[in-house]
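Engineer: Need the 3D shape of this:
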Amino acid sequence: MTDMMYYRDRDSITSLPNKLADLMRRRGLIAPDQPWVHYCGFVSWHEGIAVFMPRNSSIEANTTENASMLLQALGRYYSHKSSGASEGRDNELIGKTSLSLASSLMEDYRANGLYVRRKKHHTLNQGRADWKKTIFRLTPYPSNDTPIYLDTVTSSTRYVSDCETARIHSHVLKDIQQKYGALLSAQVDCTNDRLERMPEPIPSLEGQLAALDKELSASYSERDIQLIGMLQNYIEDKIATEGAELLVGTRKFHNVWEGMLDKCLPGKKEINSQLPVPYYQQGEYFIEVPRKGQKTDTVIENEDKSRWAVIDAKYYDASSPISAPGWHDLVKQYFYKTAAEKVCENSVSISLHFIFPGTKHHLNNAKVGERGQKKVSFPKFKEVEGYGEILCHYCDPIVLIRKYTNSLKLNITDDNDIIGKLFPPVENSETV
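Structural biologist: Down below sits the predicted model:
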């Protein structure tokens, strides 16, 4: 079984083994002057698979099951994400093609088993009659007005389980098992006796591609054609990446964090289409630019629809005020509240929220105060009127990943999933 070593996104690079850090530098995952890891995902190296869990994940989360869930979450998020050119390559999933092929090949094997060559044979009187070929090839005996065929052309299908394509299929499945370890084991076990007994294919990858091309030209089953195509793509990707190294992950996990929370928070309310947009005057006309308008991360409403929570998912450490969001993030939330109040016409109560990754409630809220107070207790704190507060919450990244991969909603009625109630009792909403 492949060994797995666990680290976290935003760990210090000095905490990594030197050889792993060097490999990540060569792969472009660590910039020369970068002191912290900016990567969430998987890297294989000579000691096994290095798993980089989301920041602030608990040490107890370092299990193969949770690593597998992370792989599924990355695959699901990026499979549903449009890959527009404007977003840039940094926002793409590294190793997306390899992961997609590996998952599809595993699913195919689970559903259909190992490849079997199907060959049709034409015989006489030994199977199902093929009347079209019988009439075309054989001469009937006349009998009144009805021709009689004493012999019929028949066809039968022979199945060949040990062919070059089956050997290639088996080899690729074992390669996936070795490359991904137990990360894809939830889908199917590729260590059964039949795969182990299957002889190895020709060693040349180019030769394997040629053998698959030949098999494809003689295939007629939709499943066979699709499978052979996936095997070809897997081998071509292996040639392009020069080996079986596992590299699947993202430098921009904050996008995944925001996307997962948006998908898993219940009671979602769509208001972006109603928010104000900028207009630029050109000549005598003001021209609308709707795609540059205000866009909140997520807005949810409570069960009786009397309250809205405007939520900004923040992938910050947030273990202290120093590592919390800055002024521009606060200002955005205050403007969102003003815009949301115009949408609902003051018919509902609106509160503002940050949700950070973590398992402890370090920060309670954020407010705007007069400069120069340094560190002051609540009764003496001089708040600037007109801004209000932004409540701070924490969500265990592993809890969110599990909910997301299983298409479940977070529980916001207690502190099990989200630390700090999103809709606290009204009488306590001003309490620090």
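Engineer: in what helix or strand does I287 lie?
Structural biologist: Assigned by DSSP states H and E, I287 belongs to strand 285-288.
Engineer: strand partners of that strand, parallel vs antiparallel please.
Structural biologist: Partners of strand 285-288 in the sheet, by DSSP bridges, are strand 279-282 (antiparallel).
Engineer: Using CSV, list the CA coordinates for the strand it pairs with.
Structural biologist: Taking only C-alpha atoms (Å, rounded to 0.1, in the frame of the first residue of the first chain), the coordinates of strand 279-282 have been written out as CSV:
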residue,chain,number,x,y,z
TYR,A,279,-22.7,53.0,-15.8
TYR,A,280,-20.1,54.9,-17.7
GLN,A,281,-20.9,58.1,-19.6
GLN,A,282,-19.7,58.2,-23.1
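Engineer: Now it: buried residues?
Structural biologist: Within strand 279-282, no residue qualifies as buried by neighbour count (16 or more other Cβ atoms under 10 Å). Bear in mind the C-beta positions are built from the backbone N, C-alpha and C, glycine included.
Engineer: Now do it: everything it contacts.
Structural biologist: When contacts are taken as Cβ atoms under 8 Å, 6 or more residues apart in numbering, the neighbours of strand 279-282 outside the stretch itself are F286, I287, E288, V289.
Engineer: Dig out what the third one forms beta bridges with.
Structural biologist: Beta-bridge partners for E288, by DSSP bridges, are Y279.
Engineer: Number the chain from 183, please
Structural biologist: Got it, first residue is 183 now, which makes that one E470.
Engineer: residues in contact with it?
Structural biologist: Counting by Cβ under 8 Å, 6+ apart, E470 touches V459, P460, Y461.
Engineer: repeat for the last one
Structural biologist: Residues in contact with V471 (Cβ under 8 Å, 6+ apart) are V459, P460, Y461, Y462.
Engineer: Same list (those) but as TSV, adding pLDDT.
Structural biologist: Putting those into TSV (pLDDT from 0 to 100) gives the following:
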residue	pLDDT
V459	91
P460	93
Y461	95
Y462	96
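Engineer: okay, which residue of this protein is out on the far edge from center?
Structural biologist: Computed with Cα atoms, centre = their mean, the maximum C-alpha offset from the centroid of the chain is found at N326, amounting to 71.9 Å.
Engineer: Dihedrals phi and psi, that residue?
Structural biologist: phi 60, psi -120 (degrees, to the nearest 10).
Engineer: and if you look at Q254?
Structural biologist: The phi/psi pair for Q254 (degrees, to the nearest 10) reads phi -60, psi -40.
Engineer: Once you drop chain neighbours, what's closest to it?
Structural biologist: Of all residues beyond its chain neighbours, the one nearest Q254 is T587 (4.6 Å), with distances taken as Cβ to Cβ, 6 or more residues apart in numbering.
Engineer: wait, doesn't the one you found sit right on M251?
Structural biologist: Yes - with contacts defined as Cβ atoms under 8 Å, T587 counts as touching M251 at a distance of 5.3 Å.
Engineer: Where do the strands of the stretch 183-332 of the chain begin and end?
Structural biologist: Per DSSP state E, counting those that start in this stretch, the stretch 183-332 of the chain carries strands over the ranges 186-190, 222-227, 230-235, 299-306, 310-311, 323-325, 328-330.
Engineer: what's the closest of those to V525?
Structural biologist: Comparing the strands of the stretch 183-332 of the chain by their distance to V525 (Cβ to Cβ), the top pick is strand 222-227, with 34.6 Å.
Engineer: Low-confidence ranges, the stretch 233-382 of the chain, go.
Structural biologist: Residues of the stretch 233-382 of the chain that meet the criterion pLDDT under 70 lie in 264-273, 301-310, 337-342, 367-374.
Engineer: so can I have TSV of the contacts of V471 showing distance to D406?
Structural biologist: Rendered in TSV, the data for these read as follows (distance: Cβ to Cβ, whole Å):
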residue	distance to D406
V459	52
P460	55
Y461	58
Y462	57
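Engineer: Of those, just say which sits nearest to I601.
Structural biologist: Sorting the contacts of V471 by distance to I601 puts V459 at the head of the list, at 35.0 Å, by Cβ to Cβ.
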